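K.L.:
Structure for the following, please:
(chains A, B, C, D, E and F)
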Protein chains: 6
Amino acid sequence: MSARERTGLVIGRFQPFHNGHLEVIRTIAEECRSIIVGIGSAQCSHTFENPFTAGERYLMVSRSLRDDGLQDVSIVPIMDINRYAVWASHVVSLVPPFQVVYSNNPLTRRLFSEAGFEVRTSPMFNREAYSGTEIRRRMSAGDSWTHLVPKAVAEVVREIKGVERMRDLSSSPPSGRSGNDPVEGSGEEP
Amino acid sequence: MSARERTGLVIGRFQPFHNGHLEVIRTIAEECRSIIVGIGSAQCSHTFENPFTAGERYLMVSRSLRDDGLQDVSIVPIMDINRYAVWASHVVSLVPPFQVVYSNNPLTRRLFSEAGFEVRTSPMFNREAYSGTEIRRRMSAGDSWTHLVPKAVAEVVREIKGVERMRDLSSSPPSGRSGNDPVEGSGEEP
Amino acid sequence: MSARERTGLVIGRFQPFHNGHLEVIRTIAEECRSIIVGIGSAQCSHTFENPFTAGERYLMVSRSLRDDGLQDVSIVPIMDINRYAVWASHVVSLVPPFQVVYSNNPLTRRLFSEAGFEVRTSPMFNREAYSGTEIRRRMSAGDSWTHLVPKAVAEVVREIKGVERMRDLSSSPPSGRSGNDPVEGSGEEP
Amino acid sequence: MSARERTGLVIGRFQPFHNGHLEVIRTIAEECRSIIVGIGSAQCSHTFENPFTAGERYLMVSRSLRDDGLQDVSIVPIMDINRYAVWASHVVSLVPPFQVVYSNNPLTRRLFSEAGFEVRTSPMFNREAYSGTEIRRRMSAGDSWTHLVPKAVAEVVREIKGVERMRDLSSSPPSGRSGNDPVEGSGEEP
Amino acid sequence: MSARERTGLVIGRFQPFHNGHLEVIRTIAEECRSIIVGIGSAQCSHTFENPFTAGERYLMVSRSLRDDGLQDVSIVPIMDINRYAVWASHVVSLVPPFQVVYSNNPLTRRLFSEAGFEVRTSPMFNREAYSGTEIRRRMSAGDSWTHLVPKAVAEVVREIKGVERMRDLSSSPPSGRSGNDPVEGSGEEP
Amino acid sequence: MSARERTGLVIGRFQPFHNGHLEVIRTIAEECRSIIVGIGSAQCSHTFENPFTAGERYLMVSRSLRDDGLQDVSIVPIMDINRYAVWASHVVSLVPPFQVVYSNNPLTRRLFSEAGFEVRTSPMFNREAYSGTEIRRRMSAGDSWTHLVPKAVAEVVREIKGVERMRDLSSSPPSGRSGNDPVEGSGEEP
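P.N.:
Below you'll find the predicted structure:
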């Protein structure tokens, strides 16, 4: 199989999908015929670190890639299973067949290497400018952020009232664990 | 929102995706701007009833719909959670926003109705001819089956050596539960 | 501790709570100071065998016992954990402290005996007349059933439109497993 | 439905139930005909943050409310499911039907608002005086604490030897995660 | 690596461990330097089909193999995960490294083949004489059974009062699902 | 039962198994006829804190004890269940019957005491010299570590290329939670 016939896999949380992610996928598209975009931590939503549901992130990615003209992309939500020894098998069973994994994360690289996959370094982008953490901070602080994401992402965030949700969540205390406790401490603890 | 701007959801197991499924999705495409195809029981594979992984089924659906010229389709694997009272929320969190659910299954219809969604009757097709059960039987028996599925599905099944897998599995005893037991009964029980 | 100071535990699915259940609890109330009523299989709902949610069943039990003048009753939903070796510990951690278990089920009797609890035979009632299976059949068939349950249960079922739900579910095929599949077989399989 | 006919839901961890919690529930009782008290993080126990089992907390709440003369209260243990997108459905399925949620926690407020419930601000109390964290600290330090809780709670804690348990647990290292490791580090790590 | 340096894996439920199992392991011992015996469905116990806990089965196997003089055997309980696509990885992570899998079960053979392991046919034994199903039937019926198992198994069953447990369980109704329901049907349903 | 006929249980994570662990087990062997070694957090691997799989740790323990001449030892991987109220039952169901638990961990001591077991203080060893944390640090830093573990452990680590794995993992960022995200932050976040 020549490089141009390969399917490449790249996994991110995409909270939210931003211009840096888009650049990475464009670069991979030059090396692979098909791309699989895994939406990691699919079970997470409604926290400051993970504000958007897997379905909302799916829409951000699919509209952005369509607007960009990228074709032959499969988008797949992937729930965490919290057992690294079976994680590669978990991913393999959920996504279409692939040959190459793009990642700079040592753990991801090792798990897919041990499972027999070719692992390549993920293309770099200007991560000073593009960072999920920074975009989430800007959303909740009321700073500008739409220039850091594809136009489609700004649209989706507006449709789902994402900024309002971010602001609500940023007033929650950080400890997500005891979040379902509205009495204890009378509203200052979660 | 006019009917033509709606997003419709349809969920199936697609073991495998066949011409009847394709007809249903074509008909829904006339009523909705976008379609979400949920791949149900995504955690199942390698049994006679559920031979193909979610990723393999994803590829069957995406190639078939692309060949058919259908656009603006989101494909989403959905694992069972076995708790009907939260099932609609589970689906909602995993797929892009939608307005209409297509289903003839009373349980599915009820759960999405209770969750406030419009539920429409799923379009009919010739189910004498198109049936997953019958296609799986034909695969394992060596009978002809490729005329019952889109060309892309036959391709995918060949690439993943699906018929060989079906034949292996059809020689397994039916009780999947005790399937990890190669000693008990010396190979006749699983 | 004298018998009259003991707390007794009785567990049922209560799909729905009926006059036979009420009789049993009345009899236990003569032997114990406090009663704990565990609502088993709390995660189940929306199937023909288990139509009502744990919360709906909680309301059936609490209103019926209040109308009957029974006091000092704790009602506790208990989800299945499908591991019998830890099931007694699971129940113990969810309910207030108790000393006696009332059950005629050999498995329940054995698990609580092995855990060191006193186990007594559950009082008998006329099970020809009172049976969850029969009441569910009557509900879905449109036969009379309200004379078989406490008045409060008939009320709750009316408030939650329970008979309508039963009828919907009785038109579902029996195999709950593939219940999220509205396409496969075009509405005849679930 | 008039305000006085509504059922209100309030959820807390109640580690332990204290006078502040009692005040909140008394105030809600003036606005609602029925109250549901959810015992959150029901699966937690035997840690310094969550010393008491759900069943022990159930008893604390039920005895305190009975002593206080509060009626028509349903107490329901609720296990965490760690998926916020389905958490409201999870709670709805476990408790009797309700109309209003009382909470000052932004996440709880948002999740129930998105699910279509009326959400009200939880009544305030003197949280300098009443705090689960402070009471647990006092229990383990040997300081006075019984004046901060209803008399019934002090009774329950004595019956279950709760202070002794708190002291044992406070000598455990904080990292609950590796708590089942008695060899590593010879008793200084858990 | 020569055949005599290999480690072989064999998995069974061992409900209970019997002379047929012992024969199989003896034969494998002639082909491998080390043997791993996986105790499958480790989470199951206290049902008629799976009466013994994983720990009890561990003791049956370890004492029998020690009495037989077999050395270099690793015994590992393996809980079901009910997802065949990751099952081989699950087993691999729980047991010491191995090279060969012995199984006559087509599913087991396929899953380990797909994972890259050598799979050999499990040695045959007289399965008319040795069958877990038959031994369980004999235990509950009061027929002789100790001649069908290693002496150590008969000892373990006596120590844990296994026959008494089997008889209790055989009077339970078959439907394990509703096993925690002592009221419904007044003791005739579980 | 005399002390010399007892079976003792000791549980550790053994990341990796070291000379301190071996000393502890030798001392217990003088007090008990049989020993059960539970491998805790069996589901963990491939992180800096928990680099080795349960199966790799099993091999470290079994080879070390065999080399040391210790007999009648049962080694059992134990997955965390994260519910302390049922943890003792969970362990009891997975391991052969035992009478004494050796532990210096207050939580472990309390849970087994509440479950009715005799709990003894775990023998002390020189924990300045022997510490899993220190050995893992040395492995990833390239410092000497083989003098701190049994010869068999050094062998196993070499066979599974454990030091290479440790070095890979030590270059991962600490937050294991978002470990499956190779895009977000371009390789500097996991």
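
K.L.:
where does chain A have low pLDDT?
P.N.:
Judged against pLDDT under 70, the low-scoring parts of chain A cover residues A:1-4, A:172-190.

K.L.:
ok, which stretches of it are helices?
P.N.:
A:19-31, A:54-67, A:84-94, A:106-114, A:132-141, A:151-159, A:162-170 (DSSP state H).

K.L.:
For residue D:104, which of the ones you listed is the nearest?
P.N.:
When the helices of chain A are compared by CB to CB, helix A:162-170 sits nearest residue D:104, at 12.5 Å. Placement of C-beta: from N, CA and C, glycine included.

K.L.:
just checking, what packs against that closest one?
P.N.:
Helix A:162-170 is packed against helix A:132-141, helix D:106-114, with contacts defined by 3 or more CB pairs under 8 Å, 6 or more residues apart in numbering or on different chains; DSSP states H and E.

K.L.:
Any residue of the last one touching chain A?
P.N.:
Yep, that's helix D:106-114 we're talking about. Yes: counting by CB under 8 Å from any CB of the partner chain, chain A has neighbours in helix D:106-114: D:106, D:107, D:108, D:109, D:110, D:111.

K.L.:
just curious, which of those is nearest to chain F?
P.N.:
Relative to chain F, the closest of the residues of helix D:106-114 next to chain A is residue D:107; by CB to the nearest CB it sits at 18.0 Å.

K.L.:
What is the burial count for the closest one?
P.N.:
By the measure other CB atoms under 10 Å in any protein chain shown, the count of residues near residue D:107 is 23.

K.L.:
Let me see the contact set for the residue nearest to residue A:6 when sequence neighbours are not counted.
P.N.:
The shortest distance from residue A:6 to any non-neighbouring residue, by CB to CB, 6 or more residues apart in numbering or on different chains, is to residue A:99 (4.5 Å). By CB atoms under 8 Å, 6 or more residues apart in numbering or on different chains, the contact list for residue A:99 reads A:1, A:6, A:7, A:8, A:117, A:118.

K.L.:
if you set the cut-off to 10 Å instead, what comes out?
P.N.:
Applying CB atoms under 10 Å, 6 or more residues apart in numbering or on different chains, we find residue A:99 in contact with A:1, A:3, A:5, A:6, A:7, A:8, A:9, A:32, A:34, A:117, A:118.

K.L.:
what about it, distance to residue A:120?
P.N.:
In this view, residue A:99 and residue A:120 are 10 Å apart by CB to CB, to the nearest Å.

K.L.:
Identify the contacts common to the two.
P.N.:
Counting by CB under 10 Å, 6+ apart, the residues touching both residue A:99 and residue A:120 are A:8, A:32.

K.L.:
so how far does stretch A:108-119 reach from one end to the other?
P.N.:
9 Å (CA to CA, to the nearest Å).

K.L.:
Buried ones in it, by neighbour count?
P.N.:
With burial defined by 16 or more other CB atoms under 10 Å in any protein chain shown, the residues of stretch A:108-119 counted as buried are A:108, A:109, A:110, A:111, A:112, A:115, A:117, A:119.

K.L.:
Please report the distance of the fifth one from chain D.
P.N.:
Separation of residue A:112 from chain D (CB to the nearest CB, to the nearest Å) stands at 26 Å.

K.L.:
Count the neighbours of the closest residue to residue A:110 other than its chain neighbours for me.
P.N.:
Distances taken as CB to CB, 6+ apart put residue F:168 closest to residue A:110, at 5.0 Å, once the chain neighbours are dropped. Using other CB under 10 Å, residue F:168 has 19 neighbouring residues.

K.L.:
again with residue A:155
P.N.:
Other residues within reach of residue A:155 by the criterion other CB under 10 Å amount to 17.

K.L.:
isn't it right up against residue A:60?
P.N.:
Yes: proximity of residue A:155 to residue A:60 meets the contact threshold set by CB atoms under 10 Å, at 9.0 Å.

K.L.:
Mutual contacts of the two, please.
P.N.:
When CB under 10 Å, 6+ apart defines a contact, the residues bordering residue A:155 and residue A:60 alike are residue A:149.

K.L.:
OK, contacts around residue A:56?
P.N.:
Going by CB under 10 Å, 6+ apart, the list of residues near residue A:56 reads A:14-17, A:39, A:45, A:156-157, A:159-160, A:162, A:165, B:93, B:95-97, D:85.

K.L.:
and what of residue A:171?
P.N.:
Applying CB under 10 Å, 6+ apart, we find residue A:171 in contact with A:48, A:140, D:105, D:106, D:107, D:109.

K.L.:
Tell me how far it lies from residue B:93.
P.N.:
Using CB to CB, one gets 22 Å for the distance from residue A:171 to residue B:93.

K.L.:
Residue A:145 too?
P.N.:
Using CB to CB, one obtains 24 Å as the distance from residue A:145 to residue B:93.

K.L.:
Over to residue A:155?
P.N.:
Using CB to CB, residue A:155 is found at 20 Å from residue B:93.

K.L.:
one step back: residue A:119 is in contact with the residue nearest to residue A:110, correct?
P.N.:
No: shown here, residue F:168 and residue A:119 do not form a contact pair, counting by CB under 10 Å, at 11.6 Å.

K.L.:
Buried residues, stretch A:65-73. List them.
P.N.:
Going through stretch A:65-73 with 16+ other CB under 10 Å, the ones that come out buried are A:65, A:70, A:73.

K.L.:
Is chain F within reach of it?
P.N.:
No: contact of stretch A:65-73 with chain F is not found when judged by CB under 10 Å from any CB of the partner chain; the minimum separation is 13.5 Å.

K.L.:
Would that stretch count as contacting chain B?
P.N.:
Yes: using CB under 10 Å from any CB, we find that stretch A:65-73 touches chain B at A:66, A:71, A:72, A:73.

K.L.:
what's the burial count for residue A:30?
P.N.:
8.

K.L.:
Roughly how far does the closest residue to chain F within chain A sit from residue A:12?
P.N.:
When you check chain A against chain F by CB to the nearest CB, the closest residue turns out to be residue A:104, at 2.2 Å. With the distance defined as CB to CB, residue A:104 ends up 11 Å from residue A:12.

K.L.:
Then residue A:29?
P.N.:
Taking CB to CB as the measure, residue A:29 and residue A:12 are separated by 15 Å.

K.L.:
Between the two, which has more neighbouring residues?
P.N.:
A side-by-side neighbour count of residue A:29 and residue A:12, using other CB under 10 Å, places residue A:12 first with 29 against 19.

K.L.:
can I assume that one is in contact with residue A:25?
P.N.:
Yes: here residue A:12 lies in contact with residue A:25, judged by CB under 10 Å, at a distance of 9.4 Å.

K.L.:
residues touching residue A:113, list them.
P.N.:
Residue A:113 is in contact with A:88, A:101, A:119, F:168, counting by CB under 10 Å, 6+ apart.

K.L.:
Which of those sits closest to chain D?
P.N.:
Checking those against chain D by CB to the nearest CB gives residue F:168 as the nearest, at 22.0 Å.

K.L.:
picking that back up, for residue D:130, state which of the buried residues of stretch A:65-73 is nearest.
P.N.:
Nearest to residue D:130 among these is residue A:65, at 53.0 Å by CB to CB.

K.L.:
Tell me, how many residues neighbour residue A:80?
P.N.:
Taking other CB under 10 Å as the neighbour definition, residue A:80 ends up with a count of 16.

K.L.:
Nothing else from me, thank you.
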